[in-house]
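>>> Give me a 3D structure for the following:
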Amino acid sequence: MVRKLVPSLAFVAIGLLTLVNPADAAPVRSESAGPYLVDGVRTVEDRNRVVGTGAALDSIENGVADISATPTEVRQLRGLGYRVTADAQEDFPVADAGYHNYAEMVAELDKAAKAYPKIMRKMSIGKSYENRDMPIVKISDNVATDENEPEILYDAHQHAREHLTVEMALYLVKLYTEGYGKDPRITKLVDSREIWIVPDMNPDGGEYDIAGGSYRSWRKNRQPTANPAVRGTDLNRNWSYKFGCCAGSSGNPPSETYRGPSAFSATETKRLRDFVLSRRIGGVQQIKASVDFHTYAELILWPFGYTMAPTANGLTVDQQSTFAKLGALMAKSNGYTPEQSSSLYITDGSIIDWLWATQGIWAYTFEMYPSSASLGGFYPSAKVITAQTTRNKEASLQLAEYADCAYRIIGKQQQYCY
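Numbers count the residues shown, from 1 in each chain. Sure, this is the predicted structure:
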């Protein structure tokens, strides 16, 4: 059965499909910001002149400022008499060249879309704050048709320094495309599901994190804040459900968990929100299950994050039991620890709480390898990519298989699924 999209959002076909939400177009920058070095920044007045152009002042050493700036801002700085030079290209350290930077990720998606046009389409959910495209992949047997099938969403890289999650998303693209017609289990899933993959929720932060060939341990996006010297919102504290409710985020811009001035103030969270809402057809959400990939800790988490209580308004005993039992099943395959999100620590404004509470999506967070900082923390060696992405094959397929009726895991499909 072919379904129509809701009128407020539209897919525009120009070779690819682009999700357009005109109301949110204003915050997107017309220019991309890149890394630059500014000589002669030695005084408070110098620093104020730099940030006065709109550039982000990231660090200063021996009178040389490391900034993120658009071409317009660079011209303004040069007009003020400063010597501005381009920093090194955004890329990983040589030892970690096995990771994909943004351009390499896009190239991999384009290659797969060209190789598997009958089952895969590369689309977009819009632009990031710094005007980078945010790709989304659809995989299904009749990929050009909106079929009446359960849908599953995998998203990655809300936090910039968690690059292994992009590799996980690329692995899933390969798993579902290359396995189709060869692996009966994968073929069955592609034939009976609509699979959505968002490989990079934070392209600006990710590129900034590796700019110059060394890591910056950057977590947030690159959007300006009320503090002119500080950029970035924690995307996974910017979702609207229980936004800022419970000491699970910060209202202070320099904080790593700064939630932003309001829910969905971050360009990138709005983009994914709008896509998810576009999948409500006739008032019914078609996405039934999801995984939000993060690093690190080797955990499988489920709602709620804002409260320690195992059940709460909007989460019944049967629902909590379903989350826990399905989480335990997946954890058995990948060796992670399954637990309620708040067991790690309280979070408010998180994606999985929003997906479940407002959309009824069985939403999980996978905190990937490693288990500790001593094994690499946010920057594990590229040598582990294959082992740590394939490690989640079974769990990823299991969740897709239960997307039609998660209550089957507790034997109550007849009661809840019809």
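>>> hey, let's count contacts and neighbours off CA atoms from now on
Will do.
>>> now the residue nearest to Leu109 when sequence neighbours are not counted, which residues is it bridged with?
The shortest distance from Leu109 to any non-neighbouring residue, by C-alpha to C-alpha, 6 or more residues apart in numbering, is to Lys122 (6.9 Å). Lys122 forms beta bridges with Val137, as assigned by DSSP bridges.
>>> measure Lys122 to Gly411 for me?
When distance is defined by C-alpha to C-alpha, to the nearest Å, Lys122 is 37 Å away from Gly411.
>>> Check Ser341 too.
Ser341 sits at a distance of 24 Å from Gly411 (criterion: C-alpha to C-alpha).
>>> neighbour count winner among the two?
Shown here are Ser341 and Gly411; by other C-alpha atoms under 10 Å, Ser341 has more neighbours (25 against 11).
>>> how much space is there between that one and Ile351?
Distance from Ser341 to Ile351, by C-alpha to C-alpha: 11 Å.
>>> Tell me, how many residues neighbour Ser145?
Just so we're on the same page, residue 145 is Thr rather than Ser. 12.
>>> per-residue pLDDT, it?
According to the prediction, Thr145 has pLDDT 96.
>>> backbone phi and psi for it, please?
Torsion angles at Thr145 (phi, psi; degrees, to the nearest 10) stand at phi -110, psi 140.
>>> Just give me the neighbour total for Asp155.
23.
>>> That one contacts Asp292, correct?
Yes. Asp155 is in contact with Asp292 according to C-alpha atoms under 8 Å; the separation is 5.0 Å.
>>> Ser214 and Ala95 touch, don't they?
No. At 10.4 Å, Ser214 and Ala95 do not qualify as touching, with contact defined as C-alpha under 8 Å.
>>> what about those two, which has more around it?
Each of Ser214 and Ala95 has its neighbours counted (other C-alpha under 10 Å); Ser214 has more, 15 against 10.
>>> can you tell me how far the more buried one sits from Asp183?
Using C-alpha to C-alpha, Ser214 is found at 40 Å from Asp183.
>>> do Asp191 as well
Going from Asp191 to Asp183 by C-alpha to C-alpha gives 12 Å.
>>> And the two? Which one has more around it.
Ranked by neighbour count (other C-alpha under 10 Å), Asp191 and Asp183 place Asp191 first, with 17 against 12.
>>> Need the three-state assignment for the more buried one.
Using DSSP: H, G, I helix; E, B strand; the rest coil, the structure places Asp191 in helix.
>>> Let me see the contact set for it.
By C-alpha atoms under 8 Å, 6 or more residues apart in numbering, Asp191 lies in contact with 140-142.
>>> okay if I get these as TSV plus secondary structure?
TSV is the format used below for these (three-state DSSP):
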residue	secondary structure
Ser140	coil
Asp141	coil
Asn142	coil
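>>> Make TSV out of those and add neighbour count and pLDDT.
Listed next are the contacts of Asp191 as TSV, based on neighbours: other C-alpha atoms under 10 Å; pLDDT from 0 to 100:
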residue	neighbour count	pLDDT
Ser140	27	98
Asp141	19	97
Asn142	16	96
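>>> what's the residue sitting furthest away from the middle of the chain sitting at in phi/psi?
Residue farthest from the centre of the chain, counting by C-alpha atoms, centre = their mean, is Gly81 at 39.4 Å. Main-chain torsions, Gly81, degrees, to the nearest 10: phi 100, psi 0.
>>> Any regions of the protein where pLDDT drops low?
Applying pLDDT under 70 to the chain picks out residues 1-30, 87-89.
>>> Tell me where it has helices.
Counting by DSSP state H, residue ranges of the helices within the chain are 44-52, 71-79, 102-115, 164-178, 184-192, 203-210, 267-278, 317-334, 351-359, 385-390, 393-401, 413-416.
>>> Nearest approach to Tyr306 belongs to which of those?
Tyr306 lies closest to helix 351-359 among the helices of the chain, at 8.0 Å (C-alpha to C-alpha).
>>> Residues contacting that closest one, please?
The contact list for helix 351-359 (C-alpha under 8 Å, 6+ apart) reads 236-237, 239-241, 285, 292, 302-306, 314, 361-365.
>>> Confirm for me that Gly376 is in contact with Ala382.
No. Counting by C-alpha under 8 Å, Gly376 stays clear of Ala382, with 10.4 Å between them.
>>> more neighbours, these two?
Using other C-alpha under 10 Å as the criterion, Gly376 and Ala382 rank with Ala382 on top: 17 against 13.
>>> Tell me how far Pro93 lies from Trp218.
The gap separating Pro93 from Trp218 is 15 Å, by C-alpha to C-alpha.
>>> Which one of those two is surrounded by more residues?
The neighbour count for Pro93 versus Trp218, taken as other C-alpha under 10 Å, is higher for Trp218 (19 against 15).
>>> Quick check: phi and psi on the more buried one?
For Trp218, the backbone dihedrals (degrees, to the nearest 10) come out as phi -90, psi 140.
>>> List the residues that contact it.
So Trp218 contacts 159-161, 205-206, 208-209 (C-alpha under 8 Å, 6+ apart).
>>> Could you do Cys405 as well?
413, 417.
>>> now with 10 Å?
Going by C-alpha atoms under 10 Å, 6 or more residues apart in numbering, Cys405 touches 150, 288-289, 362, 412-414, 416-418.
>>> Of those residues, keep whichever come out buried.
The neighbour-count criterion (16 or more other C-alpha atoms under 10 Å) marks 150, 288-289, 362 among the contacts of Cys405 as buried.
>>> What residues are bridge-paired with Ile152?
Going by DSSP bridges, Ile152 is paired in beta bridges with Ile195, Ala289.
>>> And it, how far from Leu172?
12 Å.
>>> So between the two, which is more surrounded?
Ile152 (26 against 22).
>>> That one reaches Leu399, doesn't it?
Yes. Judged on C-alpha atoms under 10 Å, Ile152 makes contact with Leu399 at a distance of 8.3 Å.
>>> what touches both of the two?
Here Ile152 and Leu399 have 288-291, 362-363 as joint contacts, going by C-alpha under 10 Å, 6+ apart.
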